[in-house]
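In: Following is a predicted model, sequence given first.
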Amino acid sequence: MKDKKPILISQPTLPNLDEFVESLKIIWERKWLTNNGEFHQEFEKKLANYLGVPYVSLFSNGTLALISALQALRITGEVITTPYSFVATTHALHWNGIKPIFVDIDPVYGNIDPVKIEAAITPRTTAILPVHVYGNPSNIKQIEHIADTYGLKVIYDAAHAFGVEEDNNSVLNFGDLSILSFHATKVFNTIEGGAIISKDEKTKKRIDNLKNFGFANETTVVAPGINAKMNEVQAAYGLLQLKSIDKQIKERKVIADRYRELLDGIDGIRCIDDIENVKHNYSYFPIFVDASIYPMTRDKLYFKLKENNVHGRRYFYPLISEFPTYRGLPSSNPDNLSIASEFADQVICLPIYPDLKKETLVEIVSIIK
Ligand code: T4K
């Protein structure tokens, strides 16, 4: 595949251009561009309905949604979280003046290990910030049990978990709040975008005030809010995306199944299996390279793929706890994070998106083979 176009980890699916132009014409006529416009209101409602959640608050991106979710619940002090995520998860704590406390992950899915959470709780702990990594649900029941026992809030970083259900219920219905990302690289994109999922009207109202500078009405500012609003163009684009999302997820499943089939039996390469009671979204396809069995290291394979025009990504390497801002924290000690370190050293996320051609997938696996 050396002379061909690069095969990237993800490629956004865009809405039908003619339909989008029709939406743009409406925006041009209305001259209402942002600040809770008609498309915005419609998108919030349709999204809540699609996801099976009570309330959606749209945001300009997932990071601001996360920062605002922590503000909405007035989280302070220390928050227990995972180092095996995109750096935005921990940055959101930092931007709120909160100290992240990293705990290790489970050895199968790479989500925060609930067994290790309890030991990290101190009198300053106020919340847990787990991530549903690659869209695989965290251990929701155990996390809820710990949170209830110690009186902690739970905010799920569900940036990867659009549409994911466990036992026919959206994973977004658990914890106090969940956040989503609609970035161009995500299963469901609004170019940039995000959302907070909340459970009651009062909390939604507070979140909606916070994303609009804290305004409750024209003259009343109830909190030191920020500007994190989604605009009408994104909302109109998002509404059109909803039409094809089920089809897109189905196409992703076909690709994930085929990868698993073809990778089966390659010594030293592990994939994550689907979970029986979970509706997956196939947002990422991580493989784990065990260099003690596979004939080369993860990095060698990563660069070999790149030489052949296949641009997988090492999500998530390095660990967040290794970045300069966080590496001095006691909980960043690698001895504390051995499984996360192993994941970070072994992972390559392979290209997965609805338009990925079957022949390309076969070629990718043949390089690995
Ligand atoms: N929490 C978690 C767990 C997250 O994963 C993220 C974001 C967030 C929070 C924060 O949500 P946002 O604030 O982003 O809404 C990408 C994304 O920018 C980021 O959204 C995502 N996670 C992260 C996992 O991946 P990069 O720096 O790796 O992106 P980049 O530009 O290298 O693009 C990745 C690949 O996608 C490239 O191979 C090119 C391709 N691509 C990218 C774009 C932007 C396209 O084909 N088209 C495009 O338009 O972070």
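Out: Yes, it's here.
In: When you work out contacts or count neighbours from here on, use the C-alpha atoms and nothing else.
Out: Noted.
In: I figured Asn227 was touching Asn209, is that so?
Out: No: counting by C-alpha atoms under 8 Å, Asn227 sits too far from Asn209 to count as a contact (9.8 Å).
In: between the two, who's got more neighbours?
Out: When neighbours are counted by other C-alpha atoms under 10 Å, Asn209 comes out ahead of the other of Asn227 and Asn209, with 22 against 15.
In: Does the more buried one lie in a helix or a strand, and which?
Out: Using DSSP states H and E, Asn209 falls within helix 201-210.
In: That helix: what's the following helix or strand?
Out: strand 215-217.
In: Any chance you could list what contacts that following strand?
Out: Contact with strand 215-217 is made by 209, 221-223, 225, as judged by C-alpha atoms under 8 Å, 6 or more residues apart in numbering.
In: ok, it: who's next to it in the sheet?
Out: Taking DSSP bridges as the criterion, strand 215-217 sits next to strand 220-221 (antiparallel) in its sheet.
In: related to what we said a few turns ago, in the helix holding Asn209, what's buried?
Out: For helix 201-210, burial by neighbour count (16 or more other C-alpha atoms under 10 Å) applies to 203-204, 206-210.
In: In terms of secondary structure, what does the helix or strand where Ala340 lies contact?
Out: According to DSSP H and E, Ala340 maps onto helix 338-346. The elements that helix 338-346 packs onto, with contact taken as 3 or more C-alpha pairs under 8 Å, 6 or more residues apart in numbering; DSSP states H and E, are strand 285-289.
In: the helices in the protein, which residues?
Out: 17-30, 38-51, 62-72, 88-95, 114-117, 140-150, 201-210, 232-263, 298-307, 338-346, 358-368 (DSSP state H).
In: tell me the most buried of those helices?
Out: helix 62-72 (a mean of 25; mean count of other C-alpha atoms under 10 Å).
In: what does the stretch 101-250 of the chain put close to the ligand?
Out: Residues of the stretch 101-250 of the chain found near the ligand (C-alpha under 6 Å from any ligand atom) are 157, 159, 181-185, 193-194.
In: State whether Asp274 and His280 are indeed in contact, as I suppose.
Out: Yes: in this structure Asp274 lies within contact range of His280 using C-alpha under 8 Å: 7.4 Å.
In: between these two, who's got more neighbours?
Out: Taking neighbours as other C-alpha under 10 Å, Asp274 and His280 compare with His280 leading, 23 against 13.
In: How much space separates that one from Lys250?
Out: 10 Å (C-alpha to C-alpha, to the nearest Å).
In: before we move on, what about Lys116?
Out: With C-alpha to C-alpha as the criterion, Lys116 and Lys250 are 35 Å apart.
In: And Thr76, by the same measure?
Out: Per C-alpha to C-alpha, Thr76 is found 41 Å from Lys250.
In: tally of neighbours for the residue lying closest to Asn111 once chain neighbours are set aside?
Out: Once flanking residues are discounted, Asn111 sits nearest to Ile105: 5.1 Å by C-alpha to C-alpha, 6 or more residues apart in numbering. Close neighbours of Ile105, defined as other C-alpha under 10 Å, add up to 25.
In: Could you pull up the contacting residues of Ile105?
Out: So Ile105 contacts 82, 84, 111-113, 337, 339-340 (C-alpha under 8 Å, 6+ apart).
In: With respect to the ligand, which of those is nearest?
Out: Distance to the ligand, by C-alpha to the nearest ligand atom, is smallest for Tyr84 among the contacts of Ile105, at 8.8 Å.
In: pLDDT on the helix holding Asn209, on average?
Out: Computed over helix 201-210, the mean pLDDT rounds to 98.
In: tell me the angle of it relative to helix 62-72?
Out: Counting by axes from the mean of the first three to the mean of the last three C-alpha atoms, to 10 degrees, helix 201-210 points 120 degrees away from the direction of helix 62-72.
In: Report the separation between Lys304 and Glu166.
Out: Lys304 is 37 Å from Glu166, where distance means C-alpha to C-alpha.
In: Kindly report the same for Leu262.
Out: Note on Leu262: its distance to Glu166, by C-alpha to C-alpha, is 27 Å.
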